[in-house]
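*Asks:* Predicted model follows, preceded by the sequence.
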Amino acid sequence: MNVIGNLTFKKISRVSPSQFHSMKNCAYKSLLAEAFEKKPLLPVSPNAYLGTVLHKMLELISRGEIKNETEFNSKFDNEILLMENDLKEKGYDFFVPLQMNVRDYGMKKIQLKKHLRSATASPREQTGINFISEKWLESKDKLVGGRMDLIIEEADETEIIDFKTGAITEDVFDDNGETYLEVKNEYQEQLKLYAYLYFDCNGKFPTQLSLVDLAKQKFDVEFTEEECKAVFEEAKSLLTETNKSIDTATFKANPSEDNCKFCLYRPACKFYLQFLTTENYFNDVCGLVKDVVKYQNGNVSVFVEKGNNKISVTGFATDKFEYFNSNRNKQINLFNLRKEATEFVYSATKTTKIYE
């Protein structure tokens, strides 16, 4: 099974705009990611792997490297094949083919093609307009840096565009309790950081910040120069404080459902594992192995004791019987389970991981 071992923390050299929001919510997560060289301890959602392919395609379309549907189909199939081969090498072959494991796979591909038609409908080469894709910019002190999807420079106007393959807006409440859609705060902060990086490198701020989704919808992000500078200073301060925690060994985390539910490093987080001993709303279980049963159909169930609670986890393959049987009365941590309707009953999934 999987064992974490001793952790060696490393200082984070730079904070990126895409990393900032997550780091602000829980800096310890970023330290764990650095300690494991950004290699996740749990499988990422198959939607994330497809999202990587979609974002790569958007990049190629924006750079004019894909000009027609024939090129699109060929490149898309090739990128999917590369991703699926990578998943197999990582032992995540249960996600292959991606088409069978991602909801709305075909619809996302159709939406992506809309960007292709947009790109070919108007000439890329226009006098006085400069299209810059995948541009790396970093602050002069090199503490903040990131790659911008697309910069459009024209005369006295500059637009920074960031492509997103998921939902860009979320429901928020106004003072009267009414809901309305607003661009997610993490994306607003990300673009404001990009804006300041552009200023730090070029001596002027962009005039427009935009987000574009797969459906070709465009969302503007309002900003002021003061806001951009404030987010930039906050990011640098956060980086300094996070690295200082390594020197002082005073680590802090912020365990909560929002911060931990999708964290790929929670098997190594002592704060989360302690949190898990008292909370039961996660799809993870920790406890002592008390019993294990192998049924005639080959399925294996393990019975775990967590405090005063007796938890059963069903649906393991036959080869797990000897492991559980030899680890009776030992602490194990089970991640990515499925919570059943009956209280304290879970079942294993294809992404379930066991850590000691």
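*Replies:* Now that the structure is in, tell me what you want to look at. Everything numeric in this text was worked out from a predicted model, so none of it was measured.
*Asks:* okay, now the nearest residue to A155 once chain neighbours are set aside: neighbour count?
*Replies:* Nearest non-adjacent residue to A155, counting by Cβ to Cβ, 6 or more residues apart in numbering: G128, 6.2 Å away. For every residue, glycine as well, the C-beta is placed using N, CA and C. G128 has 7 neighbours, counted by other Cβ atoms under 10 Å.
*Asks:* Hmm, G128 is touching E154, no?
*Replies:* Yes - G128 sits in contact with E154 when judged by Cβ atoms under 8 Å, with a separation of 6.1 Å.
*Asks:* ok, which stretches of the stretch 101-250 of the chain are strands?
*Replies:* 129-138, 145-154, 157-163, 169-173, 179-183, 208-212, 218-220 (DSSP state E, counting those that start in this stretch).
*Asks:* For stretch 170-178, what does the pLDDT average out to?
*Replies:* Stretch 170-178 comes out with an average pLDDT of 75.
*Asks:* longest helix in this structure, by residue count?
*Replies:* Longest helix in the chain, counting residues (DSSP state H): helix 225-248.
*Asks:* now that one, how far from the centre of its chain.
*Replies:* 21 Å (Cα atoms, centre = their mean, to the nearest Å).
*Asks:* Restricting to C-alpha, output it in CSV.
*Replies:* Output in CSV follows, covering the C-alpha atoms of helix 225-248 (Å, rounded to 0.1, in the frame of the first residue of the first chain):
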residue,chain,number,x,y,z
GLU,A,225,-4.6,49.9,-10.8
GLU,A,226,-4.8,50.2,-7.0
GLU,A,227,-6.6,46.8,-6.8
CYS,A,228,-4.1,45.1,-9.0
LYS,A,229,-1.2,46.5,-6.9
ALA,A,230,-2.9,45.4,-3.7
VAL,A,231,-3.4,41.8,-4.9
PHE,A,232,0.2,41.8,-6.1
GLU,A,233,1.5,42.9,-2.7
GLU,A,234,-0.8,40.4,-0.9
ALA,A,235,0.6,37.6,-3.1
LYS,A,236,4.2,38.5,-2.2
SER,A,237,3.4,38.8,1.5
LEU,A,238,1.7,35.4,1.4
LEU,A,239,4.8,33.8,-0.3
THR,A,240,7.1,35.3,2.3
GLU,A,241,5.0,34.1,5.3
THR,A,242,4.5,30.7,3.8
ASN,A,243,8.3,30.2,3.3
LYS,A,244,8.9,31.6,6.8
SER,A,245,6.8,28.8,8.3
ILE,A,246,9.4,26.3,7.1
ASP,A,247,12.2,28.1,9.0
THR,A,248,10.1,28.3,12.2
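*Asks:* what's the following helix or strand after that helix?
*Replies:* Using DSSP states H and E, the helix or strand that directly follows helix 225-248 along the chain is helix 257-260.
*Asks:* residues of that following helix that come out buried?
*Replies:* N259, C260 (16 or more other Cβ atoms under 10 Å).
*Asks:* Going forward, count from 59.
*Replies:* Noted, 59 is the first residue going forward, which turns the last one into helix 315-318.
*Asks:* and that helix, C-alpha only, in CSV?
*Replies:* The C-alpha coordinates for helix 315-318 follow below in CSV (Å, rounded to 0.1, in the frame of the first residue of the first chain):
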residue,chain,number,x,y,z
GLU,A,315,-14.9,21.0,3.4
ASP,A,316,-14.2,23.6,0.7
ASN,A,317,-10.5,23.5,1.2
CYS,A,318,-10.0,19.8,1.6
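*Asks:* and N338, how many residues sit next to it?
*Replies:* 14.
*Asks:* And it, how far from L170?
*Replies:* 40 Å (Cβ to Cβ, to the nearest Å).
*Asks:* do T223 as well
*Replies:* 9 Å.
*Asks:* so what sits against both of the two?
*Replies:* By Cβ atoms under 8 Å, 6 or more residues apart in numbering, T223 and L170 have these common neighbours: L112, L116, L272.
*Asks:* how about low-confidence regions in this protein?
*Replies:* 175-185, 232-234 (pLDDT under 70).
*Asks:* cutoff 80 now
*Replies:* Along the chain, segments meeting pLDDT under 80 span 59, 175-186, 231-237.
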